[in-house]
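[1] below are the sequence and a predicted model for it; my questions follow.
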There are 2 protein chains.
Amino acid sequence: MARQAAIIGGGIVGGGWAARFLLMGWDVRLYDPNPDCRTKVEAILDDARRSLPGLSDVALPPEGSLTVHNIIAEAVAGTDWIQVCTVGNLASLQDAMCAVQTVCPPDAILGCAIDDYPIAALQETALHPGQILIAHACDPVYLLPLVELIASAVAQNAVVDRAAEILTSVGMHPLRVWAPIGRHLQDALQLAAAAVIHEGSATPQQIDDVIRDGFGLSWAHVGLSGISVAKPRDRDEVLVTLLRGLKARNRAAGAVLNAHDRRLDSLPATLNDIADLSQPVTTLDRAVPLDWTDYNGHMNEARYLQAFGDATDRMMALVGCDMDYVASGVSFFTAETHIRHVDEVQAGTRIRVKTQVLLGQGKKMHLFHKMFDGDRLLATGEHMLIHVDLTTRKAADPDDRVAQPLALIGQAHATLPWPDGVGRTVGRK
Amino acid sequence: MARQAAIIGGGIVGGGWAARFLLMGWDVRLYDPNPDCRTKVEAILDDARRSLPGLSDVALPPEGSLTVHNIIAEAVAGTDWIQVCTVGNLASLQDAMCAVQTVCPPDAILGCAIDDYPIAALQETALHPGQILIAHACDPVYLLPLVELIASAVAQNAVVDRAAEILTSVGMHPLRVWAPIGRHLQDALQLAAAAVIHEGSATPQQIDDVIRDGFGLSWAHVGLSGISVAKPRDRDEVLVTLLRGLKARNRAAGAVLNAHDRRLDSLPATLNDIADLSQPVTTLDRAVPLDWTDYNGHMNEARYLQAFGDATDRMMALVGCDMDYVASGVSFFTAETHIRHVDEVQAGTRIRVKTQVLLGQGKKMHLFHKMFDGDRLLATGEHMLIHVDLTTRKAADPDDRVAQPLALIGQAHATLPWPDGVGRTVGRK
């Protein structure tokens, strides 16, 4: 049987805790007198279902069940963990703790998600002070691993150890501290930012930019004390990985980098930019990024397909299948791919892809990519794309604005000899 | 002809600036009386060559040339930007500025990389105060985009605008502020951390953990003011992308998540864990992560191969080709891949891969993966792997500790019918 947790209060914080326990296989018993609470928690749970399971590279346990209760005694019966997430003042938190303690199992851990008040104040009016801990996580609770665990001297070490073990088992990183550290550091930073704004040295937006495009990225992986001791190559690998993640989402520093790429981009944007249409087209020209390499510095298998996929996207744009065209409800989907890995390549090396259109007719676009480092052939990629209606997800003929350029380049490439490796079957020449 | 920048002082900061200008196509003229300076800057440049070009998704301009000069007048002749990176006290910085200004082009911008002193103090003894700006970047200068640009009232707006334009052209994000903001915020945070340590509420290591596993990850993409206004789904996508980047590098919060995965992993670790060796083996069981999806939420083409690559890694481990084996100098390399994309899948969906060994003999491992969502077939992957000697990078027979388990499962699977799609050629059935 799944382990049981009770959540007292189904707001954003309570919903986040409920989602984490549920997706880690616990049954969750929610106490909240608000009749809308299930709807609100289900919305948070939907967000969590999109994001938390895939954060792992292995399967999570089967999701637990969520029940909503109007009576505290029902909610807390048989639970190992009770998380109090009610918003309010100290008195209302103390009342909630007392109400729980009169009916809950004596060995359940009673965590307070709110770090506004000292642990001693929460324990002052409690029936069993040693059962209470502050367990404060960051929003979204279902994604960020940190939990600050604050216990006073009245809590037995065994209780704190059990709390840490439970939090670890739901994927969190419990830290036993003696005051709310995150809150203190955030407050200090807010205060410093307010002073900067007050003295007219920068705007709030600029302060955000200073953090996002600068040292905030270092804090995220080395913390505060580690900035000066990180090894340059390790640090660069992590920074590049973070920056490229932000680039993929076009957010924060990633948006700055994407704007720079648009200024530098020198590949043809339309067929008219191509001097000799009868030759294979350069569809990718870039250096191998550090986040595409494995532990020994070579480009990872899947990244060959990523590069070929980017080259395919460029070819699609060249024949008019750009963002506007896709927004009109049609696009090309890759149906089939054949890659031959010919040679290895390391981070920082400049690679180019040249693309030959083997067929561009009707619903089909049949491409052959060759990836080079200078003259050295690294890989070939043969791809069959099918033009689809994005509503029905079925094959459909392209519009003229794509069909005509595609036919044009297909005919221009028809005179080229078929490259070595076309039509290959895995394992047989 | 490439544009010219001079760097005065070839330490870590000067080397970082030199690397950024060089890799963005500028010629760099380095002034540093230290005879080792070229060696030191070349080492930084090597790190930058690994990391900066691949940060972009397009090709950077051809790298500029680096020359080292003993005479300041030679270093600054013909430059558009002179970056003073000398370490020392205010007087030595002022001396360096004066020495530069007596010989440099009158319209060159003179940036001071050091933000220890007020701009007014730097200008006090200058020949042309309006030529001087503080241009402070974060380490590593070649990766992090932020530049705080501090100019006093004596600088004309045209000079500041030109400085911003040049910094933007080398991929940076210039922010015109009126005092060093980053330094002030970092100092405030350090002070708050010192107070926490002093009062005994947490250790320096715990403070790092609070930042890395908690709100530091939010700061990195929303800054300080944005935490409360980010949309949950957008925020989750960025957080998952950052967390999975850290996971791939096994750093900071990523190490916490990997430890959790190891506890949850329920797939077979050796052939002995498999109940029925005559059936295809489950080699992957996970949810589709948000960073594997494109803008409309479907799993991206290249991530199918990433999932199949992970499944292949699991099969390698099952036949004894684990980290220890690879550390002994041999491994399997993928030579050829054929993927059929059968159906789409969205973030959060649980996917499983079942793997059939078509051949496990001599140097060859021929695998056929099927990817499912429940019973729904999403894709197939046919892969030919070759066992290689990692020193010579040539094909070589595996050791018995791999050859025997591989033969065992190959023989057990030999009775299975060949799956539909084996030996397919792109575009023909």
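    Ah, there it is.
[2] need the contact partners of the helix or strand bottoming out on mean pLDDT in chain A.
    Within chain A, no helix or strand scores below helix A:216-222, which has a mean of 88 by mean pLDDT, DSSP states H and E. Helix A:216-222 is contacted by residues A:227, A:229-230, A:235, A:238-239, A:242-243, A:253, B:138, B:144, B:208, B:211-212, B:216-217, B:219-220, B:223, B:242, B:246, B:251-252 when judged by C-beta atoms under 8 Å, 6 or more residues apart in numbering or on different chains. Using the backbone N, CA and C atoms, a C-beta is placed for each residue, glycine as well.
[3] what helices or strands is whichever helix or strand comes after it leaning on?
    On the C-terminal side of helix A:216-222, the closest following helix or strand by DSSP states H and E is helix A:232-249. Judged by 3 or more C-beta pairs under 8 Å, 6 or more residues apart in numbering or on different chains; DSSP states H and E, helix A:232-249 is in contact with helix A:216-222, helix A:253-264, helix B:37-55, helix B:216-222, helix B:232-248.
[4] mind checking the SS state of residue A:339?
    What DSSP: H, G, I helix; E, B strand; the rest coil gives for residue A:339 is strand.
[5] show me the beta-bridge partners of the closest residue to it other than its chain neighbours.
    Spatial nearest neighbour of residue A:339, chain neighbours left out: residue B:337 (4.4 Å); criterion: C-beta to C-beta, 6 or more residues apart in numbering or on different chains. Note on residue B:337: beta-bridge partners residue A:339, residue B:383, judged by DSSP bridges.
[6] circling back: any quick PyMOL command for the buried ones out of the contacts of helix A:216-222?
    In PyMOL, a selection of the buried entries from these looks like this (16 or more other C-beta atoms under 10 Å in any protein chain shown):
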select buried, (chain A and resi 227+230+235+238+239+242+243+253) or (chain B and resi 138+144+208+211+212+216+217+219+220+223+242+246+251+252)
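[7] now the residue nearest to residue A:21 when sequence neighbours are not counted: how far from residue A:17?
    Excluding the flanking residues, the one nearest residue A:21 by C-beta to C-beta, 6+ apart is residue A:5, at 4.4 Å. Distance, residue A:5 to residue A:17, using C-beta to C-beta, to the nearest Å: 8 Å.
[8] shared neighbours of these two, anything?
    Joint contacts of residue A:5 and residue A:17 (C-beta under 8 Å, 6+ apart) are residue A:83.
[9] which of the helices or strands spans residue A:372?
    Residue A:372 belongs to strand A:364-373, assigned by DSSP H and E.
[10] that strand pairs with which strands, parallel or anti?
    Strand A:364-373 has these strand partners (DSSP bridges): strand A:350-361 (antiparallel), strand A:376-389 (antiparallel).
[11] please state the offset of it from the chain centre?
    30 Å (C-alpha atoms, centre = their mean, to the nearest Å).
[12] ditto for stretch A:385-392
    Its chain's average C-alpha position is 27 Å from that of stretch A:385-392, according to C-alpha atoms, centre = their mean.
[13] got the CA coordinates for stretch A:274-293 in PDB?
    The C-alpha coordinates for stretch A:274-293 follow below in PDB (Å, rounded to 0.1, in the frame of the first residue of the first chain):
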ATOM      1  CA  ILE A 274      21.800  30.700 -53.500                       C
ATOM      2  CA  ALA A 275      24.300  31.400 -56.200                       C
ATOM      3  CA  ASP A 276      24.400  28.000 -57.800                       C
ATOM      4  CA  LEU A 277      21.100  26.100 -57.300                       C
ATOM      5  CA  SER A 278      22.400  22.900 -59.100                       C
ATOM      6  CA  GLN A 279      24.800  22.100 -56.200                       C
ATOM      7  CA  PRO A 280      24.100  20.800 -52.700                       C
ATOM      8  CA  VAL A 281      23.100  23.600 -50.300                       C
ATOM      9  CA  THR A 282      24.900  24.500 -47.100                       C
ATOM     10  CA  THR A 283      22.200  24.100 -44.500                       C
ATOM     11  CA  LEU A 284      24.200  24.200 -41.300                       C
ATOM     12  CA  ASP A 285      27.500  25.900 -40.400                       C
ATOM     13  CA  ARG A 286      28.400  26.000 -36.700                       C
ATOM     14  CA  ALA A 287      30.800  24.800 -34.000                       C
ATOM     15  CA  VAL A 288      30.100  21.700 -31.900                       C
ATOM     16  CA  PRO A 289      28.800  22.900 -28.500                       C
ATOM     17  CA  LEU A 290      30.000  21.600 -25.200                       C
ATOM     18  CA  ASP A 291      26.600  20.300 -24.300                       C
ATOM     19  CA  TRP A 292      26.600  18.000 -27.300                       C
ATOM     20  CA  THR A 293      29.600  16.100 -26.200                       C
END
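[14] end-to-end on stretch A:188-207?
    One end of stretch A:188-207 to the other measures 14 Å (C-alpha to C-alpha, to the nearest Å).
[15] average pLDDT across that stretch?
    Averaging pLDDT along stretch A:188-207 yields 95.
[16] residue B:368 versus the residue nearest to residue A:339, what's the distance?
    11 Å.
[17] report pLDDT for residue A:392.
    So residue A:392 comes in at 93 (pLDDT).
[18] returning to that earlier point: in which helix or strand does the residue nearest to residue A:21 reside?
    strand A:4-8.
[19] and what of residue A:401?
    Residue A:401 is located in helix A:400-413, with elements delineated by DSSP H and E.
[20] angle of the helix or strand encompassing residue A:96 against strand A:4-8?
    Element membership of residue A:96, judged by DSSP H and E, is helix A:90-101. Comparing the axes of helix A:90-101 and strand A:4-8 via axes from the mean of the first three to the mean of the last three C-alpha atoms, to 10 degrees yields an angle of 150 degrees.
[21] before we move on, back to that, who touches the residue nearest to residue A:339 in this structure?
    Per C-beta under 8 Å, 6+ apart, neighbours of residue B:337: A:301, A:305, A:337-339, A:341, A:426, B:305, B:308, B:381-384.
[22] and these, which two are the farthest apart?
    A:305 and B:384 (15.6 Å; C-beta to C-beta).
[23] who has more neighbours, those two?
    residue A:305 (28 against 21; other C-beta atoms under 10 Å in any protein chain shown).
[24] surely that one is within a helix?
    Yes - counting by three-state DSSP, residue A:305 falls inside a helix.
[25] quick one: it from residue A:423, how far?
    Distance from residue A:305 to residue A:423, by C-beta to C-beta: 19 Å.
[26] for residue A:120, same thing?
    Counting by C-beta to C-beta, the gap from residue A:120 to residue A:423 is 76 Å.
[27] with residue A:243 instead?
    On the measure of C-beta to C-beta, residue A:243 and residue A:423 end up 40 Å apart.
[28] repeat that for residue A:332.
    Counting by C-beta to C-beta, the gap from residue A:332 to residue A:423 is 20 Å.
[29] now residue A:110
    67 Å.
[30] per-domain residue ranges of chain A.
    Domains of chain A are assigned by automatic domain parsing as A:4-180, A:202-262, A:265-413.
[31] tell me the gap between the first one and the middle of its chain.
    Translated: domain A:4-180. 24 Å.
[32] ditto for stretch A:209-219
    That offset, for stretch A:209-219, works out to 18 Å (C-alpha atoms, centre = their mean).
[33] cool, stretch A:319-336 as well?
    Distance, centroid of stretch A:319-336 to centroid of chain: 25 Å (C-alpha atoms, centre = their mean).
[34] is residue A:330 bridged to anything, and to what?
    Beta-bridge partners of residue A:330, counted by DSSP bridges, are residue A:389.
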